[in-house]
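Novice: Sequence plus the predicted model coming up.
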Amino acid sequence: MILAEKIALLRKRNEWSQEQLAEKLDISRQSVSKWESGASIPDMDKILKLSRLFEVSTDYLLKDEIVEENEKIPKAEEEYQPPEARSISVEEANIYMDLARKLSGFMAAGCALFLLCPVPLLVLGGLAEYGNLSISEDMAGGLGVVILLILAAAGVALVMRNSLPMGRYEFLEKEEICLQYGVAGIVGKRREEFAGRYRICMVAGVILCILSVVPLMLGAAFQVDELWLTTCCMGLLLMILSVAVAILVWAGCIQGSFEKLLQEGDYTPEKKALNKKTGFFPVAYWCVVTAIFLGIGLYVREQRNMGWGMAALIWPVAALIFVALNSIVRAVAAGGRK
């Protein structure tokens, strides 16, 4: 139980309103409200006043592990914090978590656009290849590439809209940090409140990823012509995947903000050191995949039995290969550290 919860509990046990408690402490009601919501913590002189007022010890108020007054709690081992660790206050943590939640939608939309950008090129190339458009295949391909680049640029803009304000918090991914009193409890509470929505998003995203191949399977089962298979079915696959990615990225950004502050999951001190050595790989890999996609699509567009639809298959395949290669790169880097 954190300090904010204890203040609210003790106030209610005494049947005081926030205004009454504020009067007894000679402060504003807003200050009491901020304490109980975890937006701020009392100064030490106010802690002492609260201790006398509620007739509890300061240890009970300040130690999260003590859930009842006078409860005997074994002394916990003091957690090591390196002297160079940056200190994070309650206000800084709340500002960061609020900003991460606010900007997560931009990151999700940008990632979705990266998956959607091949769709116009795929459709235009397929229609032109089979004579359903009054323009040449070269013109359709050129127009599709222009639209692809515009959508990709929009995706980059959205990702940068997220990345620029978050730039000042990059140290959370790279450096060890030290949380001031009460911060861990507040972050943990907000993570618990988000846990239900996070699980729903993860399940929905994974289900959509699995269902994304259904259009292709149905097209093959009903033996639709190659035009519909390589344009409509593949386009639907990428659109469903883009929705799945948007959901996963949105939830992942918010969940990641909690893990970065608590230094859990992928942001433990050991993994932060590893990320410094392997951070180049994802960027380089996806740049190469994009170049391969454009090269294959432009090279095979003149062959009747292939087209942009076949080239678009590189994205789901590349995603699977990335997981394997990224694991290998990190394993090699981790072995090098040892």
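Specialist: Alright, I've got the coordinates.

Novice: what sits against the most centrally placed residue in the chain?
Specialist: Closest to where the C-alpha atoms of the chain average out (Cα atoms, centre = their mean) is Cys253, at 1.7 Å. Residues near Cys253 by Cβ atoms under 8 Å, 6 or more residues apart in numbering: 100, 103-104, 107-108, 162. Any C-beta I mention is one placed from the backbone N, CA and C, and that applies to glycine too.

Novice: what do you get for Arg101?
Specialist: Counting by Cβ under 8 Å, 6+ apart, Arg101 makes contact with 254, 257.

Novice: Just the element for it, please.
Specialist: helix 90-116 (DSSP states H and E).

Novice: So which bits of the helix or strand just after that helix are buried?
Specialist: Sequence-wise, the next helix or strand downstream of helix 90-116 (DSSP H and E) is helix 118-129. If you call a residue buried by 16 or more other Cβ atoms under 10 Å, then helix 118-129 has these buried ones: 118-129.

Novice: packing partners for helix 118-129?
Specialist: Packing partners of helix 118-129 (3 or more Cβ pairs under 8 Å, 6 or more residues apart in numbering; DSSP states H and E): helix 137-166, helix 226-228, helix 234-262, helix 280-300, helix 308-312.

Novice: Swap in 7 Å and give it another go.
Specialist: Using 3 or more Cβ pairs under 7 Å, 6 or more residues apart in numbering; DSSP states H and E as the contact test, the elements touching helix 118-129 are helix 137-166, helix 234-262, helix 308-312.

Novice: which other residues reach whatever helix or strand comes next after the shortest one?
Specialist: Put plainly, it is helix 308-312. Sequence-wise, the next helix or strand downstream of helix 308-312 (DSSP H and E) is helix 314-337. Residues from elsewhere that reach helix 314-337 (Cβ atoms under 7 Å, 6 or more residues apart in numbering): 115, 274, 277-278, 281-282, 285, 289, 292-293, 296.

Novice: try it again with 8 Å
Specialist: Residues outside helix 314-337 that contact it (Cβ under 8 Å, 6+ apart) are 115, 118, 212-213, 237-238, 241, 273-274, 277-278, 281-282, 285-286, 289, 292-293, 296.

Novice: Report the buried members of the residues you listed.
Specialist: Buried among the contacts of helix 314-337 (16+ other Cβ under 10 Å): 115, 118, 212, 237-238, 241, 274, 278, 281, 285, 289, 293, 296.

Novice: okay if I get the contacts of Cys253 as CSV plus pLDDT?
Specialist: Listed next are the contacts of Cys253 as CSV, based on pLDDT from 0 to 100:
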residue, pLDDT
Ala100, 93
Leu103, 93
Ser104, 93
Met107, 92
Ala108, 93
Asn162, 80
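
Novice: Widest-spaced pair of those residues?
Specialist: Farthest pair in the contacts of Cys253 (Cβ to Cβ) is Ala100 and Ala108. Separation: 12.1 Å.

Novice: Tell me who's in contact with Gly167.
Specialist: Gly167 makes contact with no residue under the criterion Cβ under 8 Å, 6+ apart.

Novice: remind me which residues of this protein are low pLDDT?
Specialist: For the chain, applying pLDDT under 70 flags the ranges 1, 64-84, 129-133, 137, 224-230, 279, 297-313, 315-316, 334-338.

Novice: how far away is the closest residue to Leu237 other than its chain neighbours from Cys287?
Specialist: Of all residues beyond its chain neighbours, the one nearest Leu237 is Ser212 (5.0 Å), with distances taken as Cβ to Cβ, 6 or more residues apart in numbering. As defined by Cβ to Cβ, to the nearest Å, Ser212 lies at a distance of 24 Å from Cys287.
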